[in-house]
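Student: Following is a predicted model, sequence given first.
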Amino acid sequence: MPPPLPSSGPLCRTMAAASAVVLLGGCGTLSPSRYVSSRTAPPPEVARAAAEAAAAPTPAPGPRAPPEPPQAPAAPRSLADLVDLALSHEPATRAAWHDARAAAAEAGAQRSLYWPTIDASGSVLRQRTGGGSGREATTNTTGSVSASLTWLLLDLGARSALVDSADRLLVAARLAEHAAVADLVLAVQQTYFQYLGLRALAEAEAAAVRQAETSLAAAEGRRSAGVATIADVLQARTALSQVRLSLQRSEGLALASRGALATLAGLPPTAELEVGALPAEIDAARARPSVDQLLADAAAKNPELGQARALADAADARARAASRAAWPTLSFQASAGRTHFFTPEGTDPINIWSAGLVLRVPVFEGLAPAYDALAARAASDAARARAEAAGQRVALDVWTSYQGLLTAGGRLETARDLLASARASADVARGRYQEGVGSILDLLTAQAALETAQAEDVRARFDYLVSLAQLTRASGRLDLSAAMSAAPPPDAPAAEATGDKP
């Protein structure tokens, strides 16, 4: 019996993308609804519409009230809300769900080979025989009904191989749905952290603009007091314009990323999103699992690798079925019929029946069966080789993502130290310039270094979260727990999230 199809609810589908497929054996009562309706869960929007239609009361006869305007969906407030909306609107995941449902129906169809086939027919015949040589012309009208039964009792494994192939194709379809869900969740995570990172970078640029404005005011004050030249003011204005250009560029990129995130969630690109802020502190040591454990998890849970193995198993089952197609078969056949004579009247009906076993031994059917078996075996070997290649590719993805996570974790510490040093240097340079013992060039250089350090700190945090999501996806353990535990609540202050001082 093929394992049941996964639930398509957002939470269940997200967790299903991080769990291995359990293959169960056995068979039971054959029913199309058993393999289609009761063993598959519809996508969220289909299930939601069906539940609302079932819960709606039957309207009483009378004038119909005007329909209520549709309520706007609640705005997303977290990463989980965005994933929920994306899973409800993404057509690729719905297509994968329908593919799995079709594979479940095909598995049920293959199991029908174990059941007999019954045919029934009926006919009415009017026949006239011409006269001649002393015979009179006669007219006969007869009606007959018949039924036949054919039941394949023994085929030496061809049917079971076809059923095994359909079951493995069902597993591959389920894993393809898991992979589609996991890819969508990863895309939402990457876009989500990119948006938070660009918004944090824009906030850091806004803080740099305020610092540049303060420096310009200090330069103009010193020039008014006669202790600075016009060159100091012009340099401060140039630095302010450069920082404003960086701020405008960061704000534009943040808006573009917000539109991409809203589109993934099924919302218009102009939708306003208040979904939290980039975490100010990330504990890189907490999410540093063993690479050996990650490789083992990928071998057991990665949906692409599982799908390749399931397709290889299906191809092997088809090869077994092709190799046994020319083997002897034993069938039970039975038929019964009754013919009634309407004219001439008085003729008794005729009953005919038969039953017996039929042994079929193919002797020669051309070379097609042999070539079919060779082609099926070659296809099985090719599918097995593709499964091995998929295993190597998944292992390399895990290793690459793991090294990327380690590198991103090291950048977190370095960027944090760089930001602290640059902030202290900028404070010292600002104080020296205000006291009249420092130059405007030293102040602007320190502020540029602080701006660079702030940007590197934001990028390090963003890159670490994206690397963590990529690693969990490659290892087959993609879920929202790591991302949501690192993200602050949606109403966290932006300045606290970026760690910058205005």
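Tutor: Everything's here; your move. Residues are numbered from 1 along each chain as shown.

Student: what's the following helix or strand after the host helix or strand of Leu170?
Tutor: According to DSSP states H and E, Leu170 maps onto helix 158-224. Sequence order places helix 230-264 as the next helix or strand after helix 158-224, per DSSP H and E.

Student: Next, the angle helix 158-224 makes with that next one.
Tutor: Going by axes from the mean of the first three to the mean of the last three C-alpha atoms, to 10 degrees, helix 230-264 is angled at 160 degrees with respect to helix 158-224.

Student: Tell me the helices and strands packed up against helix 230-264.
Tutor: Contact here means 3 or more C-beta pairs under 8 Å, 6 or more residues apart in numbering; DSSP states H and E; on that basis helix 230-264 packs against helix 79-89, helix 158-224, helix 440-474. All C-beta atoms are positioned from the backbone trio N, CA, C, and that covers glycine.

Student: which parts of that helix are buried?
Tutor: Neighbour-count burial for helix 230-264 flags 232-233, 235-236, 239-240, 243-244, 246-247, 250-251, 253-255, 257-262, 264 (criterion: 16 or more other C-beta atoms under 10 Å).

Student: cool, and stretch 91-103?
Tutor: Buried residues in stretch 91-103, counted by 16+ other C-beta under 10 Å: 93-94, 96-97, 99-101, 103.

Student: Columns distance to Glu345, secondary structure and pLDDT on top of the residues you listed, output as CSV?
Tutor: As requested, those are exported to CSV (distance: C-beta to C-beta, whole Å; DSSP: H, G, I helix; E, B strand; the rest coil; pLDDT from 0 to 100):
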residue, distance to Glu345, secondary structure, pLDDT
Thr93, 70, helix, 87
Arg94, 65, helix, 87
Ala96, 67, helix, 90
Trp97, 64, helix, 90
Asp99, 62, helix, 92
Ala100, 62, helix, 91
Arg101, 58, helix, 92
Ala103, 59, helix, 93
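
Student: Take the residues you listed and lay them out in TSV including distance to Ala80.
Tutor: Shown next, in TSV, are these (distance: C-beta to C-beta, whole Å):
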residue	distance to Ala80
Thr93	16
Arg94	20
Ala96	21
Trp97	20
Asp99	26
Ala100	24
Arg101	26
Ala103	29
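
Student: give me phi/psi at Ile350?
Tutor: Here is the backbone geometry of Ile350 (degrees, to the nearest 10): phi -120, psi 130.

Student: Distance check, it against Ala284.
Tutor: When distance is defined by C-beta to C-beta, to the nearest Å, Ile350 is 90 Å away from Ala284.

Student: more neighbours, the two?
Tutor: Ala284 (17 against 12; other C-beta atoms under 10 Å).

Student: And the helices and strands packed on helix 230-264: which comes nearest Glu345?
Tutor: helix 158-224 (50.0 Å; C-beta to C-beta).

Student: and the angle for the closest one with helix 79-89?
Tutor: Using the same axes, to 10 degrees: helix 158-224 against helix 79-89 is 130 degrees.

Student: what mean pLDDT would you report for helix 158-224?
Tutor: Throughout helix 158-224, pLDDT has a mean value of 89.

Student: next one: that helix to chain centre, how far?
Tutor: Put simply, helix 158-224 sits 16 Å off its chain's centre (C-alpha atoms, centre = their mean, to the nearest Å).

Student: Same question for stretch 316-336.
Tutor: Centre-to-centre, stretch 316-336 and its host chain are 38 Å apart (C-alpha atoms, centre = their mean).

Student: cool, and stretch 141-159?
Tutor: The chain centroid and the centroid of stretch 141-159 are separated by 45 Å, computed with C-alpha atoms, centre = their mean.

Student: Stretch 83-103 too?
Tutor: Chain-centre distance of stretch 83-103: 7 Å, with C-alpha atoms, centre = their mean.

Student: Also stretch 420-428?
Tutor: The answer for stretch 420-428 is 46 Å, by C-alpha atoms, centre = their mean.

Student: Could I have the CA atoms of that stretch written out in PDB?
Tutor: Taking Å, rounded to 0.1, in the frame of the first residue of the first chain, the C-alpha atoms of stretch 420-428 are listed here in PDB:
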ATOM      1  CA  ALA A 420      32.900  48.800  17.900                       C
ATOM      2  CA  SER A 421      36.300  50.100  16.800                       C
ATOM      3  CA  ALA A 422      34.900  52.300  14.100                       C
ATOM      4  CA  ARG A 423      32.300  53.800  16.400                       C
ATOM      5  CA  ALA A 424      34.900  54.600  19.100                       C
ATOM      6  CA  SER A 425      37.200  56.100  16.400                       C
ATOM      7  CA  ALA A 426      34.400  58.300  15.100                       C
ATOM      8  CA  ASP A 427      33.500  59.500  18.600                       C
ATOM      9  CA  VAL A 428      37.100  60.400  19.200                       C
END
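
Student: could you give the mean pLDDT of that stretch?
Tutor: 89.

Student: likewise stretch 462-481?
Tutor: Stretch 462-481 shows a mean pLDDT of 80.

Student: Just give me how far it sits from the chain centre.
Tutor: Mean-position distance between stretch 462-481 and its chain equals 15 Å (C-alpha atoms, centre = their mean).

Student: Could you give me the buried positions within that stretch?
Tutor: Within stretch 462-481, the residues that count as buried by 16+ other C-beta under 10 Å are 462-480.

Student: Please apply the same query to stretch 142-154.
Tutor: Of the residues in stretch 142-154, those buried (16+ other C-beta under 10 Å) are 142, 144, 146, 152.

Student: One more: stretch 265-273?
Tutor: For stretch 265-273, by 16+ other C-beta under 10 Å, it's 265-267, 273.

Student: Mind picking out the helix or strand in the chain with the poorest mean pLDDT?
Tutor: Lowest by mean pLDDT, DSSP states H and E among the helices and strands of the chain is helix 32-35, with a mean of 30.

Student: Can you convert the helices and strands packed on helix 230-264 into a markdown table and add a column each for distance to Arg320?
Tutor: Output for the helices and strands packed on helix 230-264, formatted as a markdown table (distance: least, C-beta to C-beta, whole Å):
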| stretch | distance to Arg320 |
| --- | --- |
| helix 79-89 | 38 |
| helix 158-224 | 4 |
| helix 440-474 | 33 |
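
Student: and of these, who's closest to Phe342?
Tutor: Nearest of the helices and strands packed on helix 230-264 (C-beta to C-beta): helix 158-224, 44.1 Å.

Student: Which of the buried residues of stretch 142-154 fall in strands?
Tutor: 142, 144, 146, 152 (DSSP state E).

Student: neighbours of the nearest residue to Asp164 once chain neighbours are set aside, just the number please.
Tutor: Distances taken as C-beta to C-beta, 6 or more residues apart in numbering put Ala317 closest to Asp164, at 4.0 Å, once the chain neighbours are dropped. Counted with other C-beta under 10 Å, the neighbours of Ala317 add up to 22.

Student: Ala317: what secondary structure?
Tutor: Following DSSP: H, G, I helix; E, B strand; the rest coil, Ala317 is assigned to helix.

Student: Would you mind stating the distance between it and Leu162?
Tutor: Ala317 is 7 Å from Leu162, by C-beta to C-beta.

Student: the inter-axis angle of the one helix or strand Ala104 maps to versus helix 158-224?
Tutor: Assigning secondary structure by DSSP H and E places Ala104 in helix 91-111. On the basis of the same axes, to 10 degrees, helix 91-111 is oriented at 170 degrees to helix 158-224.
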